[in-house]
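>>> The sequence and its predicted three-dimensional model are supplied below.
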Amino acid sequence: MSPPAGRDDAPPLPPVPPARLPVGDSWVPAPRTGPVIFPYDRAEFATAPVGDADLARRAVEHAVAVRPRVAKLASRVRRQVLGGVAADLEDVAGPMEDLLVRETGKPRTDCRTEVRRAVATWQAAADEVAHIHGETVPLDLLPTGDGMFGFWTRRPVGVVVGIAGFNYPMMLASHKIAPALAAGCPVIVKPAPATPLATLWLVHLVRERLTAAGAPPAPSNWSPATPRSAAR
């Protein structure tokens, strides 16, 4: 995948394998690549890997397989990963902003807001990890329950599949991925066909943080060519 160059004073975005998609434990070859168009003048400025139904099935199968491991991740690990992604996004805010301008055609001020809100989303998810807990329930409403109490805890629900819209692609993907990981759920995210790049880079950052923490790379990314291929 070839992104546009950022400003001269900004650090570059981290490298991502070209013509591949993050599915399962690795980056797998995509069936093909497609153009990414700058909406302002309709010029092609980059290419992106395009997935298909087979890759979608592989992503789901992998997510189901790693579900027990992700659910068992310690809260400190989840918080560390989420906070790390927030820090990484801040580090590449400039080039990510440039990428969003080219990919979405939005004014720079809107793209700057999107990056800031995405960072805030990951920070909020990291903070929320410490608040995922249960409650105790008194059982002494009847004499047979004297001296007894019950309790319940929150458990990961399972695989999450998120679809990000084209208008705020990275922020909307963050809204799906960050809470899922905070809860201990593997997640698959499908970006809009017109705006796949920012989401792909975001998933790359998340997988790098998870791998560094010794966790399975739970987020997978599947980029369909058209709405029709997404529906199959």
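Here it is on my side, so go on.
>>> What segments of the chain are helices?
For the chain, the helices defined by DSSP state H cover 53-71, 75-91, 93-104, 108-128, 169-183, 197-212, 227-231.
>>> these two touch, right, residue 81 and residue 209?
Yes. With contact defined as C-beta atoms under 8 Å, residue 81 and residue 209 form a contacting pair (4.6 Å). Glycine gets a C-beta too; all of them are placed from N, C-alpha and C.
>>> one step back: export the helices of the chain to a markdown table and tack on distance to residue 156?
Converted to a markdown table, those look like this (distance: least, C-beta to C-beta, whole Å):
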| stretch | distance to residue 156 |
| --- | --- |
| helix 53-71 | 4 |
| helix 75-91 | 10 |
| helix 93-104 | 29 |
| helix 108-128 | 14 |
| helix 169-183 | 5 |
| helix 197-212 | 15 |
| helix 227-231 | 26 |
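>>> And those: which comes nearest residue 39?
helix 93-104 (6.9 Å; C-beta to C-beta).
>>> Return the set of buried residues in that closest one.
93-104 (16 or more other C-beta atoms under 10 Å).
>>> Give the full set of residues in contact with the residue nearest the centre of the chain.
Among the residues of the chain, the one closest to the centroid is residue 177, at 3.8 Å (C-alpha atoms, centre = their mean). By C-beta atoms under 8 Å, 6 or more residues apart in numbering, the contact list for residue 177 reads 162, 187, 189, 202-203, 206, 219.
>>> could I get those as CSV with neighbour count?
Formatted as CSV, the contacts of residue 177 follow (neighbours: other C-beta atoms under 10 Å):
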residue, neighbour count
162, 19
187, 25
189, 27
202, 28
203, 23
206, 28
219, 27
